[in-house]
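# For reference, the sequence and a predicted model appear below.
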Amino acid sequence: MSNTLIIIPTYNEIENIEDILRLVFGLEKSYHVLVVDDGSPDGTANIVKELQQEFPGQLHIEERTGKLGLGTAYIHGFKWALIHDYSYIIEMDADFSHPPNSLIDLYNACEIDGADVAVGSRYISGVNVVNWPMSRVLMSYFASVYVRWVTRIHVRDTTAGYVCYHRRVLERIDLNKINFVGYAFQIEMKFTAWRLGFKIDEVPIIFTDRKKGQSKMSSSIFKEAIFGVLFMKIKSWFKKY
């Protein structure tokens with residue numbers, strides 16, 4: 001039984017899912033993986049179910065009907081992880097943008113170094129992003145600058161989606177009251193953990209844009225982050241943590 005669960009949300013990731021799962025299960029440390037699939041029409045879930053025969057007890061899948069959003073997929077996974085008694089819960093994308101070899105660094109930041117939240121950060125040691133156009137790098141980087149300015153949180157990569165949580169963080173956060181589903185979901189989770197007094201550390205990673213499949217990024221996700229951060233900050237003035 002592993003003490004660490006990796007949550008991988010999927011929608012049309014048939015080109016990546018088998019490769020990423022085999023790589024994760026081939027690492028030195030043992031991990032369990034929960035795939036939360038939002039009814040992928042390309043058959044992603046079928047591939048996962050086939051692989052369950054090869055990795056019994058390690059690979060799990062939760063299927064949802066329809067594309068319900070990244071944030072709700074992670075919330076679903078967090079609740080599943082808490083019910084099944086995992087100590088560490090890691091968010092990771094299926095598309096290899098989050099390097100699997102850095103999983104152990106995120107885990108060690110919590111297990112050995114005492115962080116409550118470990119963030120796989122693109123911006124803690126310069127700008128470590130590969131294959132993104134400069135416009136997207138700048139948008140992402142300055143989005144994090146904007147978030148730090150508004151919230152005063154001391155996290156350089158506030159929109160990062162490669163994150164390890166100790167279960168005590170997810171037990172304290174009221175997951176039913178997390179409002180956002182895109183980039184702002186990642187910001188809201190970090191901001192809430194920070195306001196609750198948890199220790200957040202950043203671990204440098206090299207982020208590489210996907211080579212297979214389609215990006216789920218859209219302008220609406222950035223709008224949610226920009227306006228959602230202001231709403232979140234104002235709301236926090238009237239909330240007891």
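Done, it's in. Residues are numbered from 1 along each chain as shown.
# neighbouring strands for the strand or helix carrying Ile8, and are they parallel or not?
Taking DSSP states H and E as the criterion, Ile8 maps to strand 4-10. Paired strands of strand 4-10, with direction, are strand 32-37 (parallel), strand 88-91 (parallel) (DSSP bridges).
# quick one: which of those is nearest Leu196?
Ranking the strands paired with strand 4-10 by proximity to Leu196 (CB to CB) places strand 88-91 first, at 16.1 Å. Glycine gets a C-beta too; all of them are placed from N, C-alpha and C.
# Please save the CA atoms from the closest one in CSV.
Once side chains and other backbone atoms are set aside, the C-alpha atoms of strand 88-91 remain, and they are given as CSV (Å, rounded to 0.1, in the frame of the first residue of the first chain):
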residue,chain,number,x,y,z
TYR,A,88,0.0,12.6,0.4
ILE,A,89,-2.0,13.7,-2.6
ILE,A,90,-0.4,15.0,-5.8
GLU,A,91,-2.0,16.8,-8.7
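# how far is it from where the chain is centred?
For strand 88-91, the distance between its averaged C-alpha position and the chain's averaged C-alpha position is 8 Å (CA atoms, centre = their mean, to the nearest Å).
# Could I get the full set of strands for this protein?
4-10, 32-37, 59-63, 88-91, 117-121, 129-130, 163-166, 200-204, 207-208 (DSSP state E).
# what's the last one packed up against?
In this structure, strand 207-208 packs against strand 129-130, with contacts taken as 3 or more CB pairs under 8 Å, 6 or more residues apart in numbering; DSSP states H and E.
# Remind me what the strand it packs on packs against, helices and strands.
The helices and strands touching strand 129-130, judged by 3+ CB pairs under 8 Å, 6+ apart, are strand 207-208.
# out of the strands paired with strand 4-10, which comes closest to Thr4?
Judging the strands paired with strand 4-10 by CB to CB, what sits closest to Thr4 is strand 88-91, at 4.4 Å.
# pLDDT averaged over the closest one - what is it?
Along strand 88-91, the predicted confidence averages to a pLDDT of 98.
# quick one on the thing from earlier: may I see the strands paired with strand 4-10 arranged in CSV, with mean neighbour count and distance to Tyr74 as well?
Conversion of the strands paired with strand 4-10 to CSV gives the following (neighbours: other CB atoms under 10 Å; distance: least, CB to CB, whole Å):
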stretch, mean neighbour count, distance to Tyr74
strand 32-37, 24, 8
strand 88-91, 24, 6
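# Which of those sits closest to Thr158?
Thr158 lies closest to strand 88-91 among those, at 14.0 Å (CB to CB).
# Next, format the strands of the chain as TSV and append distance to Ile173.
Formatted as TSV, the entries for these read as follows, by distance: least, CB to CB, whole Å:
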stretch	distance to Ile173
strand 4-10	15
strand 32-37	18
strand 59-63	20
strand 88-91	12
strand 117-121	11
strand 129-130	28
strand 163-166	9
strand 200-204	13
strand 207-208	25
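# worst average pLDDT in these?
Mean pLDDT across the strands of the chain is lowest at strand 129-130; the value there is a mean of 76.
# What strands flank it, and is each parallel or antiparallel?
strand 207-208 (parallel).
# pretty sure Val129 contacts Ser121?
No. The pair Val129 and Ser121 fails to qualify as a contact (CB atoms under 8 Å) at a distance of 11.1 Å.
# So between those two, which is more surrounded?
In terms of neighbours (other CB atoms under 10 Å), Ser121 is the more surrounded of Val129 and Ser121; the figures are 22 against 19.
# Report the helix or strand with the lowest average pLDDT across this protein.
Taking mean pLDDT, DSSP states H and E as the measure, the helix or strand of the chain with the lowest value is helix 219-236, at a mean of 72.
# which stretch among the strands paired with strand 4-10 comes nearest Asn3?
Proximity to Asn3 (CB to CB) singles out strand 88-91 among the strands paired with strand 4-10, at 6.2 Å.
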